[in-house]
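1. Build me a model:
(chains A and B)
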Amino acid sequence: MTEFAVAGIGLWTPGLPDWPAARAVLTGAAAWPEAAGGRPTPSLMPANERRRAPDSVLMALAVAEQACAAAGADPATVASVFASVFGDLAINDYMCATLRDDPAQMSPTKFHNSVHNAPSGYWSIATGAMAAATSLAAGRETFAAALHEAVVQLADSGEPVLLVAYDAIGCGPVGAIAGCRASFACALVLTPDTAGAQGSRLRAAAATTGAAGAVPDALAALAADNPIAAGAAPLLALLAGQATGAARLPLSPALDLVLDRLP
Amino acid sequence: MQACRILVHTATSCLGSGRAAHLEALAARRSGLSANDWTATPLATAIGRVPGLEGAPLPADWARWDCRNNRLAWLGLRQDGLFDTLLELRTRLPAHRLGIAVGTSTASIAETERAYRELDADGGFPADLRRPEIHQPHSLAGFLQEASGWHGPCLTISTACSSGAKAWAAGARWLQQGLCDAVLVGGCDSLCGSTLHGFASLQLTSPQACRPFDAGRDGISIGEAAAFAILVRAGEDDPANAPHLAGYGESADAHHMSAPHPEGLGARMATLQALRRAGLAPTDIGYINLHGTASRLNDEVEAAMVTGLFPATTLASSTKGWTGHTLGAAGALEATISLLALEHGLLPGTLGCTQPDPACGPQLLLDNARHPVDAVLSNSFGFGGSNASLVFTRGIGHD
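-> Okay, here's the model as predicted:
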């Protein structure tokens, strides 16, 4: 069991460019915007690099940057846990189609961008962060497993940890199999729960399975189309509200990650 | 840190299945590399291929997980009594106290590649490959979870070529924090077009068997492997010479996606962090299993790092001339090779290297040596600048 504070939150999905916009939708203060589109624009990345960067990298860097800014954390010093169910399905589609049609035409840049830890690598290059950085997947439990890992690292080091979870919209035949029909990314800066810590205070514990946390109505459509949104929704709803309460995220067939919001 | 006891460890690669096959091939200096006969489109390079996987489907109960990578994992899991130990622990301990942390860089993407070659009339995946669970990186850990009945925390770590080593670090943290009573750690990566043609596109594959640290080295050879271990908290009753994970280190280069930091700064940080966690100094390390891929840059930077950090009495080698670079499994495979050095005093040399690069110091071992060691280090570095180092000791009386 670990107590910590969520000192900063980042979020991006088409139509909701940041956490304040998402929180307004979650609390009912605002409706989902009608027009949705565009790509995230992390300021850490020069415009020419942004044009070439995969969507997964842009989304991850944008929300990581937002969360660090909100937390007042120096990105260069923070350990990080990056997580994605699929990596980057568009690159996956490109790689598989190129391998079928003419492997000699494979783009070396697309190849090195195809590693699951590409967003983590670009983040460390952009920020100069040399602390431990990991990149993980856990199927439908990816968000919960990544949050669990971030809390474990926080408890181990006593230092802040940046959690970044994302999946970009799929395309091609592999996109159809994956069923990832929307892009979504969110990031949390977790800090030790010391006196004066800013942000929402949470207690995390792994518990044997119970009833999973409900997905809030405002995120239901998104959660159906993106596994990271589905995994994060109960916690985001808890963080958006003023009240204390709990969110329960399935972690494995026998365990849930239970998050209690503390006063 | 509190050391973790290694209850059992095993590896399966082109050298064979299990520890004895690896020990024998290492001692005999018999490489497992051969000319590439695997890719759908020809590619002139050497590969480390595990024979027989094509005719060894998973048991019917787990057919939805069937793919080359999980066949290799299943073969690897059943060596050296590891699977029996998994089942035995499952009867003694609650399933939710048993964790799985494994690394892979490509998981079962070879099946996604095959689906693209065999699309149906509507442009979708053929019927036998419409299995979402194998078209994602968690395919490996998902299969292991089902096969073992271990239902605690379950992670796939995918940080390119450091994945298999970082899985050990994640498992150690779960034990230290009391979240698990045993953790299955390791890694599995198998041959696929993505990595063979991908590394070729970067001009990083050698046309012949790789020659780590040789002045004339001209690139890597890609291999496949499954390597696993079961970790538990170290206890008072552990046998005096039992192998332990004594420390781990993790860092990021913050430099380049596919080239190492020119001064090896990230690699050095990971190495020093692993030594610090183990409570050891560089002089305590008897053997280092180097990352040593045989790429021009990696070996130059790693050689300089070792020369600058370790005394001449620390012997170091790359074993990729035997196995090829097994990517996401490399950290796990080389953990077992490092443990074999610790347990048997067989320090493998650097197969394929005859004329060492001038950057190499006196530490680089060309021929095999027989020499008892008490502490060994294994290095793994990956794309995205991801670095991991592991320290293993016999017993835990080193701090």
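2. all strands of the stretch 51-200 of chain B, in order?
-> B:98-103, B:154-157, B:182-189 (DSSP state E, counting those that start in this stretch).
3. Parallel or antiparallel, which strands does the longest one pair with?
-> Think strand B:182-189. strand B:98-103 (parallel), strand B:225-233 (antiparallel) (DSSP bridges).
4. ranking the ones you listed by burial, who's on top?
-> strand B:98-103 (a mean of 31; mean count of other CB atoms under 10 Å in any protein chain shown). For every residue, glycine as well, the C-beta is placed using N, CA and C.
5. chain center to it: distance?
-> When C-alpha coordinates are averaged (CA atoms, centre = their mean, to the nearest Å), strand B:98-103 and its chain have centres 14 Å apart.
6. Spit out the contact partners of residue B:344.
-> Residues near residue B:344 by CB atoms under 8 Å, 6 or more residues apart in numbering or on different chains: residue B:23.
7. Would you convert the strands paired with strand B:182-189 into TSV that also reports mean pLDDT?
-> Below are these laid out as TSV (pLDDT from 0 to 100):
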stretch	mean pLDDT
strand B:98-103	98
strand B:225-233	98
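8. I'd like the ones you listed as a markdown table, with distance to residue A:237 appended.
-> A markdown table is the format used below for these (distance: least, CB to CB, whole Å):
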| stretch | distance to residue A:237 |
| --- | --- |
| strand B:98-103 | 28 |
| strand B:225-233 | 36 |
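9. still on that earlier bit, any chance of the strands of the stretch 51-200 of chain B in TSV with distance to residue A:206 as columns?
-> Shown next, in TSV, are the strands of the stretch 51-200 of chain B (distance: least, CB to CB, whole Å):
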stretch	distance to residue A:206
strand B:98-103	10
strand B:154-157	12
strand B:182-189	14
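10. Closest to the mean position in chain A, which residue would that be?
-> Among the residues of chain A, the one closest to the centroid is residue A:165, at 1.9 Å (CA atoms, centre = their mean).
11. okay but it is in contact with residue A:227, surely?
-> No: here residue A:165 lies out of contact with residue A:227, judged by CB atoms under 8 Å, at a distance of 9.6 Å.
12. hang on, the earlier thing: what's the residue nearest to the centre of chain A in contact with, if anything?
-> Here residue A:165 is in contact with A:82, A:83, A:84, A:142, A:143, A:146, A:185, A:186, A:187, A:228, A:231, A:232 (CB under 8 Å, 6+ apart).
13. Intersect those residues with the contacts of chain B.
-> The subset of these within reach of chain B, by CB under 8 Å from any CB of the partner chain, is residue A:142.
14. Let me know the closest of the contacts of residue A:165 to chain B.
-> residue A:142 (7.5 Å; CB to the nearest CB).
15. wait, isn't the closest one in contact with residue A:86?
-> No: with contact defined as CB under 8 Å, residue A:142 does not reach residue A:86; the gap is 9.2 Å.
16. Kindly indicate whether residue B:377 is helix, strand or coil.
-> Each residue gets one of three states, and residue B:377 gets strand by DSSP: H, G, I helix; E, B strand; the rest coil.
17. So for residue B:5, which of the strands paired with strand B:182-189 sits nearest?
-> strand B:225-233 (5.2 Å; CB to CB).
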